[in-house]
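Peer 1: 3D model of this:
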Amino acid sequence: MIEFIDVKKRFGSKVILDGVTLRANEGEILFVIGTSGVGKSVLIKHVVGLLRPDAGQIRVDGEDIVDLNEADFYPIRKKCALVFQHATLFDSMTCAENVALPLRKHAQDGFPKGMPPPIALRAAQELLEKVEMGQFSAHSPSDLGDGLRKRVAVARALALRPQYILFDEPTTSLDPVSARRVDNLILDLSRKEGVTCIVVSHDLRSIFSIADKVAMLYKGKVKAIGTPAEIRQNTDPIVQQFIQGEPEGPLETT
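Peer 2: Residues are numbered from 1 along each chain as shown. Prediction:
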């Protein structure tokens, strides 16, 4: 379980998070939604230590991680993988080599200094097949479209067998077919692998097709939280304007 408890964050004079309290339960798909610039990506970057909150607690499996040093963050980053909006793969490596990289660099069961390259590549092939990318193992990421690169990035995220995967706008820039394939991949990770997924998104089709729970951020706080059905039925005009995609209404954008 990942918990955000009264988390506050500002950059200079701009308040981004102003007391966010939110929880992702085991095996759950939690969508964090809201307008651009509202702090969705900022929130999840705190989980892996890319940002530190100004106040509040962030708990991973009951452990408050806010004051951990870099060395103590290692086990947190091993259990919490972040998949960025852009796939951040190395074009100088094949897809298999990209996926094998964390296996080679981090200690594994029986490999205290990381897996030897041949073993890591075999494991990478299995991970690529898990996300239906096995046939592209020898390709360079630059040869692939955005949707395929994101699936390779998910395979790389799975390399260290995380309990949690944080997705930052996973369907942004994708065509509708590729976006729905990414949705299905996230759903499979939750249902078949038991991975807890926190997904930052404003893709309404994704939100209302695979989410277990949805939290909307607005002006630094959680404006609404509930199941997709509960969010649809929420009578707050700000929530309704967002989920209906209406250009006119009380919703203020940054």
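Peer 1: Quick one: residues contacting the residue nearest to I16 when sequence neighbours are not counted.
Peer 2: Leaving aside its sequence neighbours, I16 sits nearest to G39 (CB to CB, 6 or more residues apart in numbering; 4.3 Å). C-betas here are computed from N, CA, C, even on glycine. Applying CB atoms under 8 Å, 6 or more residues apart in numbering to G39 gives the contacts 9, 16-17, 20, 217, 220.
Peer 1: So for stretch 62-78, mean pLDDT?
Peer 2: For stretch 62-78, mean pLDDT is 91.
Peer 1: List the buried residues for it?
Peer 2: Residues of stretch 62-78 classed as buried by neighbour count (16 or more other CB atoms under 10 Å): 65, 68, 76-77.
Peer 1: Check stretch 42-60 too.
Peer 2: For stretch 42-60, burial by neighbour count (16+ other CB under 10 Å) applies to 42-49, 51, 53, 56, 58, 60.
Peer 1: do the same with stretch 81-94
Peer 2: By neighbour count on 16+ other CB under 10 Å, the buried set for stretch 81-94 is 81-84, 87, 89, 94.
Peer 1: continuing past the helix or strand hosting Y74, what's the next helix or strand?
Peer 2: Element membership for Y74 (DSSP states H and E) is helix 70-79. Under the assignment DSSP H and E, the closest C-terminal helix or strand after helix 70-79 is strand 80-83.
Peer 1: Pairing partners for that next one, with directions?
Peer 2: strand 164-168 (parallel) (DSSP bridges).
Peer 1: in the stretch 101-250 of the chain, which spans are helices?
Peer 2: 117-130, 146-158, 176-193, 204-210, 228-233, 237-244 (DSSP state H, counting those that start in this stretch).
Peer 1: and V66, helix, strand or coil?
Peer 2: Classification of V66 using DSSP: H, G, I helix; E, B strand; the rest coil returns coil.
Peer 1: which residues does the nearest residue to S137 once chain neighbours are set aside contact?
Peer 2: Leaving aside its sequence neighbours, S137 sits nearest to A96 (CB to CB, 6+ apart; 4.0 Å). A96 makes contacts with 121, 124-125, 128, 137-138, as judged by CB under 8 Å, 6+ apart.
Peer 1: Against V152, how distant is A96?
Peer 2: Distance from A96 to V152, counting by CB to CB, to the nearest Å: 9 Å.
Peer 1: Quickly list what's touching both of these two.
Peer 2: Contact with both A96 and V152 is made by residues L128, according to CB under 8 Å, 6+ apart.
Peer 1: What does the pLDDT read for T254?
Peer 2: pLDDT recorded at T254 is 65.
Peer 1: about what we covered before: ok, of the buried residues of stretch 42-60, which one's closest to R156?
Peer 2: Checking the buried residues of stretch 42-60 against R156 by CB to CB gives V48 as the nearest, at 14.5 Å.
Peer 1: for the stretch 151-254 of the chain, which spans come out with low pLDDT?
Peer 2: The model of the stretch 151-254 of the chain has pLDDT under 70 over residues 254.
Peer 1: which one of the contacts of A96 sits closest to D72?
Peer 2: In terms of CB to CB, no member of these lies closer to D72 than A124, at 28.1 Å.
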